[in-house]
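# Here is my input; please provide its structure:
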Amino acid sequence: QLQLVESGGGLVQPGGSLRLSCVASGFTSDYYAIGWFRQAPGKEREGVSCISRGSDSTDYADSVKGRFTISRDHAKNTVYLQMNSLKPEDTAIYYCAATPKLIGLCVPHSRVYDYWGQGTQVTVSS
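A predicted model of the protein is given here:
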């Protein structure tokens, strides 16, 4: 059974860092584009970042460029989201998602992704 499990969320002060993990089971994530999304209370889900099959292409929302980095560990079947210089507006539930349909690129648009994790809470507050 294909499953995605996020972890690494928590409470952090503004300016701090967190690293989120998205562990895939039941499939080889190398053959899927993986996206990170977030949803804050009262707001729509938004795309944060994504990494293509083969990891040769990445994309980021303008709001996180230069602060967040997505990467993939093939051996651990895991995709990471390193988040630095966190701001209160980064507070949200963060989800990872997968799709086999994108080849050679990725797009951080939720409607494209087929499989979703349950999410991990990130709170940025002093």
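# Pick out the residue nearest the middle of the chain.
Trp36 (2.3 Å; C-alpha atoms, centre = their mean).
# Determine the number of other residues adjacent to Asp62.
Neighbourhood size, Asp62 [other C-beta atoms under 10 Å]: 6. Every residue, glycine included, has its C-beta placed from N, CA and C.
# quick one: it is in a helix?
No: Asp62 is assigned coil when assessed by DSSP: H, G, I helix; E, B strand; the rest coil, not a helix.
# How confident was the prediction at it?
pLDDT recorded at Asp62 is 96.
# That one and Ala40: what is the separation?
For Asp62, the distance to Ala40 (C-beta to C-beta, to the nearest Å) stands at 16 Å.
# and if you look at Ala92?
As judged by C-beta to C-beta, Ala92 and Ala40 stand 4 Å apart.
# neighbour-wise, which of these two wins?
Set side by side, Ala92 and Ala40 show more neighbours around Ala92, with 22 against 14, by other C-beta under 10 Å.
# who's the more buried one bridged to?
Val122 (DSSP bridges).
# Identify the residues contacting it.
Arg38, Gln39, Ala40, Lys43, Val122 (C-beta atoms under 8 Å, 6 or more residues apart in numbering).
# Distance-wise, check it relative to Leu102.
Ala92 sits 23 Å away from Leu102, taking C-beta to C-beta as the criterion.
# Same question for Val79.
14 Å.
# Those two: who's more crowded?
Using other C-beta under 10 Å as the criterion, Val79 and Leu102 rank with Val79 on top: 28 against 19.
# What strand or helix carries the more buried one?
strand 78-83 (DSSP states H and E).
# What mean pLDDT does that strand get?
pLDDT averaged over strand 78-83 gives 97.
# strand partners of it, parallel vs antiparallel please.
strand 18-25 (antiparallel), strand 68-73 (antiparallel).
# Would you mark the buried spots in the last one?
The neighbour-count check on strand 68-73 (16 or more other C-beta atoms under 10 Å) flags Phe68, Ile70, Arg72 as buried.
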